[in-house]
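Visitor: The amino acid sequence is not available; the structure is as follows:
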């Protein structure tokens, strides 16, 4: 069983007819499951989540992009969320049995294909062709409105597709990234500084664990504070590492952990890592889950 | 997503044609996945594992039983494994989203249906109608060869079906039980007594945790000893409880845990329990696993 996820963001969040017909393009692909899609009217933006065998996902993403490009005109797009194009961001995410190397290749092939249809492409995160293009916000700086100027700058020559501005489609940003694990640890104290200090120690930016973003949050209603984290590569830094670290740091301050929460969806690999860590069972694999066997059955 | 598992054991382990045609009966049922089947020539016995929606599983089990009864004649059966009938044991096992109460009802309905076809039925484990019939070995005592006499004993009047001996089919034992979790903890010592002493403390029979069977095992090649366990209801006693207990008991003896192993398949609920326990996140649910969403999608 090999599972790749794709989470395209497109610049249409109001016309349900269009959004549905774009979703239909994904559903047409055999072996691809459209798990979810949702739209935001203020952002004028929709997000699709689908998953399946890597090749099928690449094809489904391409069909979605073609349909979106057909239906969306960036010249009339206004919305609250930063964006560069009709098909704004297309990240490919390895969930199970796929190495990042292959995901990067798929992202590059996808970008090349879209480039051939006349859309300038930037690659980001793991698929980036240079350090400056790793970060999504810096690529998106200046937004669609600034694209015509940005594309004249040799530093921002597209990775694929034409060098010139395409007013109807804008630019598409294509990437490969690890699944994001949103994880929070609540502390039995009302002192927000405690959470902020621990967050600083745990996050990579300030010398903490690799692939960890963290901040201190005040949970006023609960009378607690929280270390709120994003783990951007759980294969390198998984939940037990940050949980145990925070527990220890809190203890030094005389504070206990009240509890923790895994927010939203995570790959089974995260649970595999938790079991392996706490039970000293490095051989344990998610393929030992009965439910996983049903997936592999198909 | 509701998942029931059925693991019938039948008294045919040599004629591949017959075994395959029995397996085919399961495959015919929509929404049922035959995950595995295997045969043992010496035991002259086969085990089938299939999983799916509860009602579909009951129907598939019935088709399998009918076919096996048609093809197997107990009057000529010889094998190394204790058995009472052509369709020897049919356990129903809740994997996800199914309560034991419902599983018992399904087992009873299945048994009633088979009884109507002329096969005497005993219910065992959670589906048992009396304390004496809970235990499989005691029901199976005397085996097929002793059935004619056993059925004359009012104490062994069948739960369903005719009271008299059916020479071609024998008796079918139908049950409901929790999934069995095979779990071992290895200790950094060569002293088998240490493992035996801890096994005694952890197992229910000698005052330990409910639904735990345990024994001490010598792992000569590894130069270690092992506490080898079966957890027969992980919802009551899950892995972290026995792991932490053994860790503590070993420490009292000055011994460390070398590692542990989860043997074979387990429901995702086991992993849910591990995460909840160690991360203090009682809200966490396996429905947060991306792969689980694919299952629910169908």
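Guide: That came through, no problem. Everything numeric here is computed off the predicted structure, so don't read it as measured data.
Visitor: From now on I want contacts and neighbour counts done on CA atoms only, so please keep to that.
Guide: Fine.
Visitor: State the three-state secondary structure for the residue in the stretch 101-250 of chain A positioned nearest to chain B.
Guide: The stretch 101-250 of chain A approaches chain B most closely through residue A:243 (7.1 Å), counting by C-alpha to the nearest C-alpha. Under the three-state scheme (DSSP: H, G, I helix; E, B strand; the rest coil), residue A:243 adopts helix.
Visitor: burial of it, as a residue count?
Guide: 21 (other C-alpha atoms under 10 Å in any protein chain shown).
Visitor: need the contact list for it.
Guide: For residue A:243, the contacting residues are A:185, B:279, by C-alpha atoms under 8 Å, 6 or more residues apart in numbering or on different chains.
Visitor: Any figure for the gap between it and residue A:229?
Guide: 11 Å (C-alpha to C-alpha, to the nearest Å).
Visitor: next one: residue A:129
Guide: 27 Å.
Visitor: Pick out whichever of these two has more residues nearby.
Guide: The residue with more neighbours, out of residue A:129 and residue A:229, is residue A:229; 24 against 14, by other C-alpha under 10 Å.
Visitor: And the more buried one, what's its pLDDT?
Guide: Note for residue A:229: predicted pLDDT of 96.
Visitor: Find me whatever residue is spatially closest to it, sequence neighbours aside.
Guide: Among residues not flanking residue A:229 along the chain, residue A:214 sits closest, at 4.3 Å (C-alpha to C-alpha, 6 or more residues apart in numbering or on different chains).
Visitor: Test my guess that the one you found contacts residue A:226.
Guide: No - with contact defined as C-alpha atoms under 8 Å, residue A:214 does not count as touching residue A:226 (9.9 Å).
Visitor: Give me the more crowded residue out of the two.
Guide: Neighbour tally, residue A:214 and residue A:226, criterion other C-alpha under 10 Å: the higher count belongs to residue A:226, 29 against 26.
Visitor: who does the host helix or strand of the residue nearest to residue A:229 touch, helix- and strand-wise?
Guide: For residue A:214, the element it lies in under DSSP states H and E is strand A:212-219. In this structure, strand A:212-219 packs against helix A:192-202, strand A:224-231, with contacts taken as 3 or more C-alpha pairs under 8 Å, 6 or more residues apart in numbering or on different chains; DSSP states H and E.
Visitor: where along the stretch 1-150 of chain A do the helices fall?
Guide: Applying DSSP state H, counting those that start in this stretch to the stretch 1-150 of chain A gives helices spanning A:16-27, A:54-71, A:100-116, A:136-140, A:147-150.
Visitor: do you know which of these lies nearest residue A:8?
Guide: helix A:54-71 (7.7 Å; C-alpha to C-alpha).
Visitor: and the closest one with helix A:16-27, angle?
Guide: Angle, helix A:54-71 to helix A:16-27, by axes from the mean of the first three to the mean of the last three C-alpha atoms, to 10 degrees: 160 degrees.
Visitor: Assess the claim that residue A:218 and residue A:226 are in contact.
Guide: Yes - with contact defined as C-alpha under 8 Å, residue A:218 counts as touching residue A:226 (6.3 Å).
Visitor: Any chance you could list residues touching both of those two?
Guide: Common neighbours of residue A:218 and residue A:226 (C-alpha under 8 Å, 6+ apart) are residue A:192.
Visitor: Spell out which parts of chain A neighbour chain B.
Guide: Counting by C-alpha under 8 Å from any C-alpha of the partner chain, the positions of chain A adjacent to chain B are A:33, A:35, A:240, A:243, A:258-262, A:264-268, A:271-272, A:274-275, A:278-281, A:283-284, A:288-295, A:297.
Visitor: And chain A, split by domain according to the record?
Guide: As assigned by automatic domain parsing, chain A contains the domains A:3-176, A:181-266, A:267-298.
Visitor: and the longest one, what's its mean pLDDT?
Guide: When pLDDT is averaged along domain A:3-176, the result is 96.
Visitor: can you check stretch A:262-278 too?
Guide: 96.
Visitor: mind listing what's buried in stretch A:146-160?
Guide: A:147, A:150, A:151, A:156, A:157, A:158, A:159, A:160 (16 or more other C-alpha atoms under 10 Å in any protein chain shown).
Visitor: and these, which of them are in helices?
Guide: A:147, A:150 (DSSP state H).
Visitor: Return the residues in contact with residue A:209.
Guide: Listed by C-alpha under 8 Å, 6+ apart, the contact set of residue A:209 reads A:202, A:203, A:237, A:242.
Visitor: got the residues you listed as a markdown table, with neighbour count and pLDDT columns?
Guide: Output for these, formatted as a markdown table (neighbours: other C-alpha atoms under 10 Å in any protein chain shown; pLDDT from 0 to 100):
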| residue | neighbour count | pLDDT |
| --- | --- | --- |
| A:202 | 26 | 98 |
| A:203 | 21 | 98 |
| A:237 | 16 | 98 |
| A:242 | 21 | 98 |
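Visitor: wait, which of those is closest to residue A:187?
Guide: The closest of those to residue A:187 turns out to be residue A:242 (C-alpha to C-alpha; 13.6 Å).
Visitor: want to throw the contacts of residue A:209 into TSV with distance to residue A:56?
Guide: Listed next are those as TSV, based on distance: C-alpha to C-alpha, whole Å:
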residue	distance to residue A:56
A:202	38
A:203	36
A:237	30
A:242	35
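Visitor: which ones are touching residue A:197?
Guide: By C-alpha under 8 Å, 6+ apart, the contact list for residue A:197 reads residue A:216.
Visitor: One more pass at 10 Å, please.
Guide: Contact analysis of residue A:197 by C-alpha atoms under 10 Å, 6 or more residues apart in numbering or on different chains lists A:215, A:216, A:227, A:249, A:250.
Visitor: Among these, name the buried ones.
Guide: A:215, A:216, A:227, A:249, A:250.
Visitor: The first one against residue A:206, yeah?
Guide: Pointing back at residue A:215 there. No - between residue A:215 and residue A:206 there is no contact under C-alpha atoms under 10 Å: 11.4 Å.
Visitor: joint contacts of the two?
Guide: A:199, A:200.
Visitor: thinking again about what came up before, name the residues contacting each of residue A:243 and residue A:229.
Guide: A:183, A:184, A:185, A:202.
Visitor: Just the closest of these to residue A:118, please.
Guide: residue A:183 (39.9 Å).
Visitor: buried residues in stretch A:233-252?
Guide: By neighbour count on 16+ other C-alpha under 10 Å, the buried set for stretch A:233-252 is A:233-234, A:237-240, A:242-243, A:245-247, A:249-250.
Visitor: Among the residues you listed, name the ones in helices.
Guide: Among these, the ones falling in helices (DSSP H) are A:239, A:240, A:242, A:243, A:245, A:246, A:247, A:249, A:250.
Visitor: I'd like the residues you listed written out as a markdown table, with distance to residue A:49 added.
Guide: Putting these into a markdown table (distance: C-alpha to C-alpha, whole Å) gives the following:
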| residue | distance to residue A:49 |
| --- | --- |
| A:239 | 24 |
| A:240 | 27 |
| A:242 | 28 |
| A:243 | 29 |
| A:245 | 33 |
| A:246 | 32 |
| A:247 | 34 |
| A:249 | 37 |
| A:250 | 37 |
